[in-house]
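Enquirer: quick one: sequence plus predicted model below, questions after.
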Amino acid sequence: SGKAEFKAFVFFIDGDPEKIRKLNKEEKADNIALGTLPSKDEGITLYKINPKAKSTVLLYNKKAVTAKFVDYNAKRDNAEFTKQIEKTWTK
């Protein structure tokens, strides 16, 4: 059995791949997968993502969404975010 690891993926709706590569380099985010999704992607409907929202953060474990944060704000949401991560990863 492998060690559990927390991983992050960031997808931009209709994002510009070149701008995303530049952002990755500027932020030194090589440990975070960055990609694009077309606005008509079935995942947007499936996960009920509002394309007009500034951001949507999904926490998932074993292919199931365990928490969702729309327009995530660290000051406002960090305590609940941390609680959900701990809840998800201590199961």
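Expert: Arrived safely, thanks for sending.
Enquirer: only C-alpha atoms from now on, for both contacts and neighbour counts.
Expert: Will do.
Enquirer: so in the chain, which helix runs the longest?
Expert: helix 74-89 (DSSP state H).
Enquirer: and for that helix, what's in contact with it?
Expert: 59-61, 66-67, 69 (CA atoms under 8 Å, 6 or more residues apart in numbering).
Enquirer: apply 7 Å and report the result again.
Expert: With CA atoms under 7 Å, 6 or more residues apart in numbering as the test, helix 74-89 has contacts from 61, 66-67.
Enquirer: closest to S39 among the residues you listed?
Expert: Taking CA to CA as the measure, A67 is the one of the contacts of helix 74-89 closest to S39, at 22.0 Å.
Enquirer: check contacts around the closest residue to the closest one other than its chain neighbours.
Expert: Once flanking residues are discounted, A67 sits nearest to L59: 5.1 Å by CA to CA, 6 or more residues apart in numbering. Applying CA under 7 Å, 6+ apart, we find L59 in contact with 65-68.
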